[in-house]
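Trainee: Could you work out the structure for the sequence below:
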Amino acid sequence: MGYRYGTVIQLNNLDIGVVQDEKHIKYLFNALRDYIQTDGISWILVGDIGLRLFIAQEVDRLDDIVSYEVDINPLAKTKYNELLNKRFAFYQSSPNAKMPVDHDVFIYLYKVTNGRLRYVFGLLQRLMNDLSIGNLSDRITLDIAKPMIVKLARDRIARNKLSAGEEDILKVLVSLEKITTSALADKTNKSRPYISKILTKLVDVKLVTFRKDGKNKYYVPLLDATIAYSN
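Mentor: Next up, the predicted model:
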């Protein structure tokens, strides 16, 4: 296939703010922009759901070059559980070893991250470090994990100094998962310009992103907002 259609170059791990620094990715894309248009070479850029919006906002003209956008669905919950069991069995040091994290914690993380494994294990790593497993605690239960994860998310949100009105709109958006500006205005009994202004700020501070579906633009909460305000 490479002989017939040229070279395919795939760049993985373009998860901005999680794996890669924003300044680094912006520099990389600006440097690559002209090379991406080279005849005989096709590029695949793999990252989190905010990658396309970041390109549109931060990298001149690259958004016009991107031809297709494809969503990759997360593992089904059954496959997710199978993955956990296989990983535990692989690292199990003895037949009597027990999982240091309760299954309920994995299910909670699957839900709030929408099954994005990098975030599941990233949050777990943070918990393991903060709790000093083996010293301060022998096991992470949902009662221990959830308040800590929620606090981490709310602390990050607090740095953006949202007004009470902005935070209320963010909470409504989290409860709805995705919505258009006009529908959110109707839902909250607020004017469309008021909602639009708040959504613009929430996008700028990276608590919300948006996706286009035909003529409609749907706003979607990002991870910190989902963790902080999900039931």
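Trainee: going forward, measure contacts and count neighbours with C-alpha atoms only.
Mentor: Will do.
Trainee: does Ser112 really touch Leu223, like I thought?
Mentor: One thing to correct before we go on: residue 112 is Val, not Ser. Yes: using Cα atoms under 8 Å, Val112 is in contact with Leu223, at 7.4 Å.
Trainee: neighbour count winner among these two?
Mentor: Neighbours were counted for Val112 and for Leu223 using other Cα atoms under 10 Å; Val112 has more, 20 against 17.
Trainee: What values do phi and psi take at that one?
Mentor: Dihedral angles of Val112 (phi, psi; degrees, to the nearest 10) stand at phi -70, psi -20.
Trainee: What is the neighbour count of the residue lying closest to Met148 once chain neighbours are set aside?
Mentor: In this structure, Met148 finds its nearest non-sequential neighbour in Leu127, 7.8 Å apart by Cα to Cα, 6 or more residues apart in numbering. A count of nearby residues for Leu127, using other Cα under 10 Å, gives 18.
Trainee: Now do the same for Leu127: helix, strand or coil?
Mentor: Put simply, Leu127 is helix when judged by DSSP: H, G, I helix; E, B strand; the rest coil.
Trainee: give the contact list for it.
Mentor: If you count contacts by Cα atoms under 8 Å, 6 or more residues apart in numbering, Leu127 has them with Ala145, Met148, Ile149.
Trainee: any idea how far the last one lies from Leu184?
Mentor: Pointing back at Ile149 there. Separation of Ile149 from Leu184 (Cα to Cα, to the nearest Å): 27 Å.
Trainee: Closest one of the contacts of Leu127 to Glu58?
Mentor: For these, the residue nearest Glu58 by Cα to Cα is Ile149; the value is 29.8 Å.
Trainee: hang on, the closest one packs against Thr226?
Mentor: No: the criterion here is Cα under 8 Å, and Ile149 misses it with Thr226 at 11.1 Å.
Trainee: Looking at those two, which is more packed in?
Mentor: Taking neighbours as other Cα under 10 Å, Ile149 and Thr226 compare with Thr226 leading, 25 against 19.
Trainee: in which helix or strand would I find the more buried one?
Mentor: In this structure, Thr226 is located in helix 223-229 according to DSSP states H and E.
Trainee: Against Glu22, how distant is the closest residue to Leu75 other than its chain neighbours?
Mentor: Using Cα to Cα, 6+ apart and skipping residues adjacent in sequence, the residue nearest Leu75 is Gly115, 6.6 Å away. Counting by Cα to Cα, the gap from Gly115 to Glu22 is 23 Å.
Trainee: ditto for Leu14
Mentor: Separation of Leu14 from Glu22 (Cα to Cα): 10 Å.
Trainee: Asn12 too?
Mentor: From Asn12 over to Glu22 (counting by Cα to Cα), the distance is 15 Å.
Trainee: The two: which has the busier surroundings?
Mentor: The residue with more neighbours, out of Asn12 and Glu22, is Glu22; 16 against 10, by other Cα under 10 Å.
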